[in-house]
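[1] Predicted model and sequence below, questions to follow.
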Amino acid sequence: MSVENRAAITSISGGVDSVTTAFYVSKIVKPSEHQLVFCNYGQRTYDYEESCIRKISEILSAPLKIIDLRWLGEISTSVLAHSDQIIGETKVDDLWRPEKARERILKWWDPCRNAVLLLVALAHAESYYISKKSRYDVYIGIRRETPVAMKDNTPEFMEKMNELAEQCTHHGGYRLLAPLITKDKDMVVKLGEELGVPWEYTYSCYAGATFREVGGKTLPVHCGICSNCKRRQLAFEGAGVNDPSVYATIPV
């Protein structure tokens with residue numbers, strides 16, 4: 001089957017990885033059409049993510065569709081991801097300790113989240129093909145996680161999801177793609193910089209802080225102490241790229 005002139009749906013969360021993926025799709029893949037899909041699953045940082053994604057949608061001229069998945073947050077066992085509970089500081093050394101990483105995973109784990117996000121986008125892709133015979137590929141911004149990989153952030157996961165896509169759609173022939181899957185986060189930042197990603201409109205923080213006016217822009221503030229803020233800071237440092245985002249506390 002020809003893959004020329006295919007359209008694309010990018011599942012976007014507002015973070016470095018998913019926004020870089022959206023820019024990669026728009027600038028490198030150059031699909032015939034490009035839609036962004038953002039899911040509200042009751043995450044505590046939803047407002048900050050949405051503010052960034054709406055700007056990215058404008059910059060890329062890619063229409064945005066927001067999907068209500070708040071039921072996923074309601075059944076989630078991740079109290080930290082869905083409450084105002086105070087999140088303590090993560091020490092940089094702990095980012096690389098496998099035992100600490102395994103402990104963190106379940107603190108932030110939402111049941112079947114990446115599979116659900118892919119299936120939401122795939123359902124839209126199938127609907128578009130049935131209704132207007134336009135074939136969409138589905139992109140997601142997952143990448144290599146270290147020192148311990150989540151099961152739904154691996155090439156094996158994407159392989160199984162593509163097998164499922166063949167069985168759960170009427171026509172088959174859909175592609176679920178994760179172009180960053182073999183990259184570390186500093187490599188993603190380097191790629192995003194080459195693609196012109198506006199980093200101030202990406203949001204990595206687990207906690208959520210507030211908004212702040214900076215140079216005429218309303219930007220979301222990163223806490224600077226959670227594990228994701230620390231990982232973000234190290235990635236920008238490793239890539240040799242300046243991060244113009246706002247931090248309540250500068251990560252160290």
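    Perfect, I can see it now.

[2] Could you report the distance from Tyr136 to Leu60?
    Using C-beta to C-beta, to the nearest Å, Tyr136 is found at 16 Å from Leu60. C-beta: built from backbone N, CA, C; applies to glycine.

[3] which regions of the chain sit below the pLDDT cut-off?
    By pLDDT under 70, the weakly predicted segments of the chain are 1-4.

[4] top helix in it by residue count?
    Longest among the helix segments of the chain by residue count, using DSSP state H, is helix 113-132.

[5] Surely Glu213 is within a helix?
    No. Counting by DSSP: H, G, I helix; E, B strand; the rest coil, Glu213 falls outside a helix, being strand.

[6] who's in contact with the residue nearest to it when sequence neighbours are not counted?
    Spatial nearest neighbour of Glu213, chain neighbours left out: Leu219 (7.8 Å); criterion: C-beta to C-beta, 6 or more residues apart in numbering. Neighbour list for Leu219: 200-201, 211-213, 245-246 [criterion: C-beta atoms under 8 Å, 6 or more residues apart in numbering].

[7] ok, these vs Glu103, which is closest?
    Nearest to Glu103 among these is Ser245, at 26.8 Å by C-beta to C-beta.

[8] ok, now which ones touch the residue lying closest to that closest one once chain neighbours are set aside?
    Using C-beta to C-beta, 6+ apart and skipping residues adjacent in sequence, the residue nearest Ser245 is Glu200, 5.4 Å away. Listed by C-beta under 8 Å, 6+ apart, the contact partners of Glu200 are 214, 217, 219, 244-246.

[9] re the thing from before, which PyMOL command selects the buried ones in the contacts of Leu219?
    Here is the PyMOL command that selects the buried residues among these (16 or more other C-beta atoms under 10 Å):
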select buried, resi 200+201+245+246
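
[10] Let's have the contacts of Leu219 in CSV, adding distance to Glu145.
    Supplementary listing: the contacts of Leu219 in CSV, determined by distance: C-beta to C-beta, whole Å:
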residue, distance to Glu145
Glu200, 25
Tyr201, 23
Phe211, 29
Arg212, 30
Glu213, 34
Ser245, 21
Val246, 26
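
[11] Helix, strand, or coil at the residue nearest to Glu145 when sequence neighbours are not counted?
    Of all residues not flanking Glu145 in the chain, Asn153 sits nearest, at 4.9 Å (C-beta to C-beta, 6+ apart). Following three-state DSSP, the label given to Asn153 is coil.

[12] Cool, thanks, signing off.
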